[in-house]
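Visitor: Need the 3D shape of this:
(chains A and B)
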There are 2 protein chains.
Amino acid sequence: MNNFELYNPTRLCFGKGQIANLNTLVPADAKVLILFGGGSIKRNGTLDEVTTALGNREISYFDGIEPNPSYETMMNAVKKIKDENITFLLAVGGGSVIDGTKFVAAAAKFDGEPWDILLKMGANINAALPFGTVLTLPATGSEMNSGSVITKKDENAKLFFGNPLVYPLFSILDPTKTYSLPEKQIANGVVDAFIHTIEQYLTYPVNAAVQDRFAEGLLLTLIEQGPRALIEKENYDVRANIMFTATMALNGLIGVGVPQDWSTHMIGHELTALHGIDHAQTLAIILPSVLREKETQKRDKLAQYAERVWGIIEGDNATKAAQAITKTEEFFHTMGIKTQLADYDLGKDDIAQIIKQLAAHGRTTLGEHQDIDLATSERILQRSL
Amino acid sequence: MNNFELYNPTRLCFGKGQIANLNTLVPADAKVLILFGGGSIKRNGTLDEVTTALGNREISYFDGIEPNPSYETMMNAVKKIKDENITFLLAVGGGSVIDGTKFVAAAAKFDGEPWDILLKMGANINAALPFGTVLTLPATGSEMNSGSVITKKDENAKLFFGNPLVYPLFSILDPTKTYSLPEKQIANGVVDAFIHTIEQYLTYPVNAAVQDRFAEGLLLTLIEQGPRALIEKENYDVRANIMFTATMALNGLIGVGVPQDWSTHMIGHELTALHGIDHAQTLAIILPSVLREKETQKRDKLAQYAERVWGIIEGDNATKAAQAITKTEEFFHTMGIKTQLADYDLGKDDIAQIIKQLAAHGRTTLGEHQDIDLATSERILQRSL
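Guide: Reported below is the predicted structural model:
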């Protein structure tokens, strides 16, 4: 096991009716900006519920945060915060709204051009506005971590930053708030959480027994509960299990002390930035090809994954590994998520532009061994045609 | 799944050489009191290492904290803190030293008679001195939770308190610091962590898929690594896995949103207070009898435990449950821990006094259904003769 630090101060308030606790969670004298995306939280009553829970506090609203929140949009929120002397942010939505709010929290206190936060990956953040979240879409884990991904539209760039100052103070997770989500968003969320887990698990063994067992537990839960979530739309426990799994998949816990491989995310980000394919969809396209391309290096863990997660006990490790990758693809299909570039009308002529963007963003040494260079990324994309 | 709050602000610094980080973890202007037990940390160099890492800070020492730390001893530390204007506490040791330090941290800031902290179970704590820990013995999980157990010798009372103000600010876990532990302490630690996990897991199903999988992962890890820890005394990864497991077994994570059954601990505490039997040994005596006494109520989870942890797939649930309880006992024996009262020269004539103490401490409605009354506790003890 590698050395590590585990620190996560976010307070998770989980279950039915937890929104009412906003009255104790948000400082009584706060001037609150509620940030959200489109109109769904207006239509389904969540925004009213939040506003009521905040009682007499002064509240402003900032809406229109898009999927893959853009620098351009979020800078408008920063202006509003400064103009109105906002003291507390409340993100109500999914990972995009929360990621956007993290950027705004840091940018509102940043000296200089806030795009530098992305260029320095957050290392230059010295202060941030306090904020909480009300999660409505289980997927990204942003509600309990200190990372964020922001898109700059004019550069087709989707960049990450992280800093302990942007841990949410609290996050409210009420599984009933997911009942009205479109099926596609549930499917995307399950696949996103699944791949977050895989990227911290399918590398090479370092005898990290607990982290492996926890990761396998999350994968087993998603395989068991994911398809049910598409059918049993108001099954509280199914939604609760998926919501808690998605949080645990990317709150730092399963990734401590182990090597990690975020190559699927890095290549996937370029597909979203260039072609607007949903984040989770891009991951489902790239992951199986990464696993096949790096099968030799990953074989020991792939065999363990085959045995413990898929119950594949026959054959040698190479056989088990191959079967487990196929099972993984089939699981994505079961969730209604496609796994080839052709499914999104992309072909071999589109690969050069993706590689060019990877190069432009310095993503030339990906993977747990930092040996996925541009030529390897190209082979990965060819496997996904 | 039940509603829950998950909040744990302790910073875990895990791995070889982490003690050197004390210099950044402890405030530069702190006046530090190092609290510890006996001479082992002097003999094995840990105390020197800690002192060196603290650099020029003013340091005092308080030693002699006994297993099952006593109110009487810890109040001497409180006096020293007040006399010397100590501003930061550093516990160096196992669960007893850390539990004692938590009490001291709260008592040093408490108005009135500090024994009231125990009588009110910590609800009356309004402030505490900040403190960190250097863990040398994996077992209790105290290094990453906000609970503590203190013994009052003159009353044979072993009582619990808890409060968010006594989360350690940080805990340093260096697995190499466990190499020199006596075999019995490693065995006790593994069994303690195992039973902590069981008490948050073997109740009744509430469809908490993640908590169940995590608990099962910890149990599987202890079964796999525990016996190896007794033989491979300097296998870093084995010790690291046990250390991380013991922390995860009682840091709040696996217990959120599920019913819990702490009856084994409550009855065990009386055995330690009356007869001085090691904490983990008392748990190993009581747990199998609790599981047999409440087998019907716990059957569904016992069968799940049998299948997922012990790989028992034949027979009906009652058969699986019975076999799993036997396997559990056998595991304790493998670790060198005995499971009968007779092994400690106690017999049926000793039961009445234990029941009397349970009554005196108000432990008359134990278990996840609060239906383990004194008569049930008596039957449990008789099963353990």
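
Visitor: Under a three-state scheme, what state does the residue nearest to A:Tyr7 when sequence neighbours are not counted occupy?
Guide: Spatial nearest neighbour of A:Tyr7, chain neighbours left out: B:Arg11 (4.2 Å); criterion: CB to CB, 6 or more residues apart in numbering or on different chains. From N, CA and C alone the C-beta is placed, and that goes for glycine too. Three-state call for B:Arg11 (DSSP: H, G, I helix; E, B strand; the rest coil): strand.

Visitor: For B:Arg11, grab the count of nearby residues.
Guide: 21 (other CB atoms under 10 Å in any protein chain shown).

Visitor: what sits against it?
Guide: For B:Arg11, the contacting residues are A:Glu5, A:Leu6, A:Tyr7, B:Leu25, B:Leu169, B:Phe170, B:Ser171, by CB atoms under 8 Å, 6 or more residues apart in numbering or on different chains.

Visitor: how far away is A:Ala284 from chain B?
Guide: As for A:Ala284, its distance to chain B is 22 Å (criterion: CB to the nearest CB, to the nearest Å).

Visitor: Does that residue touch A:Asp192 like I think?
Guide: No: counting by CB atoms under 8 Å, A:Asp192 is not a contact partner of A:Ala284; they are 9.2 Å apart.

Visitor: Looking at the stretch 251-385 of chain A, which residue is nearest chain B?
Guide: A:Gly257 (6.7 Å; CB to the nearest CB).

Visitor: I'd guessed that residue sits against A:Ala209; true?
Guide: No: using CB under 8 Å, A:Gly257 is not in contact with A:Ala209; the gap is 10.5 Å.

Visitor: Up against chain B, what does the stretch 251-385 of chain A have?
Guide: Residues of the stretch 251-385 of chain A that fall close to chain B, judged by CB under 8 Å from any CB of the partner chain: A:Leu253, A:Val256, A:Gly257.

Visitor: Tell me which of these fall in helices.
Guide: Here DSSP state H is the test, and those give no hits in helices at all.

Visitor: can you give me the strands for the stretch 151-300 of chain A?
Guide: Per DSSP state E, counting those that start in this stretch, the stretch 151-300 of chain A has strands spanning A:157-162, A:170-173. These are given in chain order.

Visitor: And the nearest residue to A:Thr247 once chain neighbours are set aside, what's its pLDDT?
Guide: Leaving out its chain neighbours, the residue that sits closest to A:Thr247 by CB to CB, 6+ apart is A:Met144, at 5.0 Å. For A:Met144, the pLDDT comes out at 98.

Visitor: got it, and A:Leu159?
Guide: A:Leu159 is given a pLDDT of 89.

Visitor: Quick one: residues contacting it.
Guide: A:Leu159 neighbours (CB under 8 Å, 6+ apart): A:Leu118, A:Leu119, A:Met121, A:Val149, A:Ile150, A:Thr151, A:Lys152, A:His361.

Visitor: What residues does the nearest residue to A:Lys294 once chain neighbours are set aside make contact with?
Guide: Closest residue to A:Lys294 apart from its sequence neighbours, by CB to CB, 6+ apart: A:Gly367 at 6.7 Å. Shown in contact with A:Gly367 (CB under 8 Å, 6+ apart): A:Asp261, A:Ser263, A:Val290, A:Lys294, A:Thr376.

Visitor: In chain A, spot the helix with the most residues.
Guide: From DSSP H, the single longest helix across chain A is helix A:209-231.

Visitor: Pull the residues that contact the helix or strand A:Gln304 falls within.
Guide: Assigned by DSSP states H and E, A:Gln304 falls within helix A:295-310. Here helix A:295-310 makes contact (CB under 8 Å, 6+ apart) with A:201-205, A:212, A:216, A:219-220, A:223, A:291, A:312-313, A:317-318, A:320-325, A:327, A:368-369.

Visitor: Of those, grab the buried ones for PyMOL.
Guide: A single PyMOL command selects the buried members of the contacts of helix A:295-310 (16 or more other CB atoms under 10 Å in any protein chain shown):
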select buried, chain A and resi 201+202+203+212+216+219+220+223+291+312+317+320+321+322+323+324+325+327+368
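
Visitor: isn't A:Gly55 right up against A:Thr24?
Guide: No: in this structure, A:Gly55 is not within contact of A:Thr24 by CB under 8 Å, at 10.4 Å.

Visitor: ok, back up a step: can you add neighbour count and pLDDT and give the residues of the stretch 251-385 of chain A next to chain B back as a markdown table?
Guide: Below are those laid out as a markdown table (neighbours: other CB atoms under 10 Å in any protein chain shown; pLDDT from 0 to 100):
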| residue | neighbour count | pLDDT |
| --- | --- | --- |
| A:Leu253 | 22 | 98 |
| A:Val256 | 21 | 98 |
| A:Gly257 | 20 | 98 |
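
Visitor: Closest to B:Thr101 out of those?
Guide: A:Val256 (24.9 Å; CB to CB).

Visitor: can you pull the contacts of the closest one?
Guide: So A:Val256 contacts A:Phe4, A:Glu5, A:Leu6, A:Gln211, B:Phe14 (CB under 8 Å, 6+ apart).

Visitor: Number of residues surrounding A:Leu47?
Guide: 19.

Visitor: check which helix or strand covers A:Leu346.
Guide: Going by DSSP H and E, A:Leu346 is not part of any helix or strand.

Visitor: Now it: closest residue in space that isn't a chain neighbour?
Guide: Nearest one to A:Leu346, counting by CB to CB, 6+ apart, is A:His275 at 6.6 Å.

Visitor: correct me, but the one you found touches A:Tyr344?
Guide: Yes: assessed by CB under 8 Å, A:His275 is found in contact with A:Tyr344 at 6.8 Å.

Visitor: Check the gap between the closest residue to A:Lys177 other than its chain neighbours and B:Gln353 for me.
Guide: Counting by CB to CB, 6+ apart, A:Lys177 lies nearest to A:Thr136, which is 4.8 Å off, once chain neighbours are set aside. A:Thr136 sits 57 Å away from B:Gln353, going by CB to CB, to the nearest Å.

Visitor: Which of these two has more residues huddled nearby?
Guide: A:Thr136 (24 against 14).

Visitor: Who does the lowest-mean-pLDDT helix or strand in chain A pair with, and is each partner parallel or antiparallel?
Guide: Using mean pLDDT, DSSP states H and E, strand A:157-162 stands out as the lowest-scoring helix or strand of chain A, at a mean of 90. Paired with strand A:157-162 in the same sheet, following DSSP bridges, are strand A:147-152 (antiparallel).

Visitor: which parts of the partner strand are buried?
Guide: A:Gly147, A:Ser148, A:Val149, A:Ile150, A:Thr151.

Visitor: For chain B, state which of the residues you listed is nearest.
Guide: A:Gly147 (17.8 Å).

Visitor: rewinding a little: out of the strands of the stretch 151-300 of chain A, which is the most enclosed?
Guide: strand A:170-173 (a mean of 26; mean count of other CB atoms under 10 Å in any protein chain shown).

Visitor: what's that one packed up against?
Guide: Applying 3 or more CB pairs under 8 Å, 6 or more residues apart in numbering or on different chains; DSSP states H and E, we find strand A:170-173 packed against strand A:4-14, helix A:22-25, strand A:131-135, helix A:236-249.

Visitor: Need the ones you listed in CSV (columns: mean pLDDT and distance to A:Ser40).
Guide: Supplementary listing: these in CSV, determined by pLDDT from 0 to 100; distance: least, CB to CB, whole Å:
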stretch, mean pLDDT, distance to A:Ser40
strand A:4-14, 98, 21
helix A:22-25, 97, 19
strand A:131-135, 98, 13
helix A:236-249, 98, 16
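
Visitor: Quickly check the contacts of A:Leu159 for the two that are furthest apart.
Guide: So, the contacts of A:Leu159 by CB to CB: farthest apart are A:Met121 and A:Thr151, at 15.2 Å.
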